[in-house]
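**Student:** Take this sequence and fold it.
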Amino acid sequence: MYLAPEKKKEIFAKYGKSESDTGSSEGQIALFTYRISHLTEHLKKNRKDYGTQRALQLLVGKRRSLLDYLKATDISRYRAIVKELGLRR
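**Tutor:** Prediction:
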């Protein structure tokens, strides 16, 4: 599996409040971004994998929803996570 529990803990430790804080918006957005980049690389090699394509679209939508929520509640945290992850918006 491409996403080992150690990698998850590393992502949440870096972007969340702590290693065990899996519910923070920043941690979730970072995890979705990691998964999106992995699925994007997979789809570059396997362009007819429509199941993965749909999963990617759902992940992008979930990340967008979390980013919109974060923007509405705390604009400084939103700007920080967008800058740190290198997202366009």
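**Student:** which residues of this protein fall in helices?
**Tutor:** If DSSP state H is used as the criterion, the helices of the chain fall at 5-15, 25-45, 50-73, 75-85.
**Student:** starting at the chain centroid, how far to the second one?
**Tutor:** On the basis of C-alpha atoms, centre = their mean, to the nearest Å, helix 25-45 is displaced by 5 Å from the centre of the chain it belongs to.
**Student:** Mind listing residues that contact that helix?
**Tutor:** Here helix 25-45 makes contact (C-beta atoms under 8 Å, 6 or more residues apart in numbering) with 2-3, 7-8, 11-12, 14-17, 21-22, 49, 52-53, 55-56, 59-60, 62-63, 66-67, 69-70, 77, 80-81, 85, 87. Every residue, glycine included, has its C-beta placed from N, CA and C.
**Student:** Return the angle between stretch directions for that helix and helix 5-15.
**Tutor:** Calculated by axes from the mean of the first three to the mean of the last three C-alpha atoms, to 10 degrees, helix 25-45 forms an angle of 130 degrees with helix 5-15.
**Student:** Could I get the buried residue list for helix 25-45?
**Tutor:** Residues of helix 25-45 classed as buried: 25-36, 39, 42-43 (neighbour count, 16 or more other C-beta atoms under 10 Å).
**Student:** low-scoring stretches of the chain, by residue?
**Tutor:** For the chain, residues meeting the criterion pLDDT under 70 lie at 1, 89.
**Student:** which one in it is furthest away from the centre?
**Tutor:** In the chain, the greatest distance from the average C-alpha position (C-alpha atoms, centre = their mean) is reached by Lys48, at 23.4 Å.
**Student:** Show the backbone phi and psi for that one.
**Tutor:** phi -100, psi 10 (degrees, to the nearest 10).
**Student:** Next: Lys17.
**Tutor:** Dihedral pair for Lys17: phi -80, psi -30, per degrees, to the nearest 10.
**Student:** That one contacts Gly23, correct?
**Tutor:** No - with contact defined as C-beta atoms under 8 Å, Lys17 does not count as touching Gly23 (9.4 Å).
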